[in-house]
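In: Any chance you can model this:
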Amino acid sequence: MPKLVQPGSLLAVAAIVFAACGDAKTPSSPLTEAGSSGDDGGGASTLPPPSPSPSPTAAPEAGLVTYGPPYEGGQFHLGPVDYEETQWHNGCAPGTKYAPAVRAAEGQLLAGLWEGIPNVTSYCDACILVKTAVGKTAILRVVTYGETTRNSIDVSPEAYKILDSGEYPRSMAWQFTRCPDTGRVMYEFQTGAHEYWTSLWVRNARIPISKTDVKSKNHAAYIPLTRGTDGSLTDASGFGKGAFTIRLTGIDGSTLEDTFDWPAEGVAGKILLGRANF
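Out: Okay, here's the model as predicted:
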């Protein structure tokens, strides 16, 4: 995948290889909720967008849960990583950037990972706990990845303000962690998605997702969705026009299922809101 190059800092992906059917757009309509249907049997009730996420998490909350070993020996850099993509495209976003509803839920404390992390795109929208060498900590949301030194990260201006003490090198370690509670899981569908080719992103999950399966009109039993280089999840044969269930499996083995009626107007560009979160 083509990337811009800037010495000493992780770079967001400069260009995404889009699927032939298109990428997701920023939706202007309200979110739709899992398990509800409209008068025509194929729609869904509408919900207002989620409230903005809580105040930045500058220190670990009580009962913090982490996953896997820490990634050590790296540094944090001011990317900047931001939703407006003032310098770099976010590798986990569609070409039209993160949707407003997702931004409101996931907050402004953002990070980009070193692309050498195994299966790095599977960590799109996961959270990491960052601990600097001088003792500052923050929980950040992963929205991109790219080239940098081993285990280093780029961060948003808001995250940099929390972590930076004026030290150099800006040494730190980070570890995957459970995200703060900012509401329910969201399923953001690509603008080209339809019943014959269905593709989406899972947003705002509280734990890293290891597997995503679907059961639908075209699939009587669960089948796995394929992860793309932009973190999207695709069923190349399509869900079919009918009710479908998405099953998420977390990195800790826990599962979450959401069932939706197929919207009368289709899924293209929609954000469907799950019933709960992990």
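
In: Helices along this protein, start to end?
Out: 100-106, 157-163 (DSSP state H).

In: What are the buried residues along the last one?
Out: Residues 158-160, 162-163 are the ones in helix 157-163 that count as buried (16 or more other C-beta atoms under 10 Å). Yep, even glycine has a C-beta here, placed from its N, CA and C like the rest.

In: again, but for the first one
Out: Neighbour-count burial for helix 100-106, with 16+ other C-beta under 10 Å as criterion, is recorded at 101-106.

In: I'd like to know which of the residues you listed is nearest to residue 75.
Out: Ranked by distance to residue 75 (C-beta to C-beta), the buried residues of helix 100-106 are led by residue 106 at 23.7 Å.

In: so what pLDDT did the closest one get?
Out: pLDDT recorded at residue 106 is 98.

In: Now for it: which residues touch it?
Out: If a contact means C-beta atoms under 8 Å, 6 or more residues apart in numbering, then residue 106 has 53, 98, 125, 141, 143, 182, 203-204 as its contacts.

In: Kindly report the same for residue 150.
Out: Applying C-beta under 8 Å, 6+ apart, the residues contacting residue 150 are 73-74, 114, 116.

In: thinking again about what came up before, could the helices of the chain be laid out in a markdown table, adding distance to residue 199?
Out: As requested, the helices of the chain are exported to a markdown table (distance: least, C-beta to C-beta, whole Å):
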| stretch | distance to residue 199 |
| --- | --- |
| helix 100-106 | 16 |
| helix 157-163 | 29 |
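
In: For residue 151, find the nearest of these.
Out: Once the helices of the chain are compared by C-beta to C-beta, helix 157-163 is nearest, at 15.1 Å.

In: elements contacting that closest one?
Out: Judged by 3 or more C-beta pairs under 8 Å, 6 or more residues apart in numbering; DSSP states H and E, helix 157-163 is in contact with strand 66-78, strand 110-114, strand 127-132, strand 137-146.

In: Could you rerun that using 6 Å?
Out: Judged by 3 or more C-beta pairs under 6 Å, 6 or more residues apart in numbering; DSSP states H and E, the packing partners of helix 157-163 are strand 137-146.

In: So what are the sheet partners of the strand it packs on and their directions?
Out: Note on strand 137-146: by DSSP bridges, its sheet partners are strand 110-114 (parallel), strand 127-132 (antiparallel).

In: Report the inter-axis angle for the last one versus strand 66-78.
Out: Orientation of strand 127-132 against strand 66-78 (axes from the mean of the first three to the mean of the last three C-alpha atoms, to 10 degrees) gives an angle of 60 degrees.

In: from memory residue 214 sits against residue 248, does it?
Out: No: using C-beta atoms under 6 Å, residue 214 makes no contact with residue 248, being 10.4 Å away.

In: Neighbour count for these two, which is higher?
Out: For residue 214 and residue 248, the more surrounded residue by other C-beta atoms under 10 Å is residue 248, and the numbers stand at 23 against 19.

In: For beta bridges, what are the partners of the more buried one?
Out: residue 212, residue 256.

In: pretty sure it contacts residue 209?
Out: Yes: between residue 248 and residue 209 there is a contact at 5.4 Å, judged by C-beta under 6 Å.

In: picking that back up, ok, of the contacts of residue 106, which one's closest to residue 174?
Out: Using C-beta to C-beta, those come closest to residue 174 at residue 141, 12.4 Å.

In: separation between the closest residue to that closest one other than its chain neighbours and residue 266?
Out: Distance criterion C-beta to C-beta, 6 or more residues apart in numbering; nearest residue to residue 141, sequence neighbours excluded, is residue 106 at 4.8 Å. Per C-beta to C-beta, to the nearest Å, residue 106 is found 25 Å from residue 266.

In: just residue 231 next, same as before
Out: Here residue 231 is placed at a distance of 22 Å from residue 266 (C-beta to C-beta).

In: Show me which of these two is the more surrounded one.
Out: residue 231 (26 against 14).

In: what number of residues lie near residue 220?
Out: Residues within reach of residue 220, counting by other C-beta under 10 Å, total 8.

In: same question, the one 5 residues further on
Out: By the measure other C-beta under 10 Å, the count of residues near residue 225 is 21.
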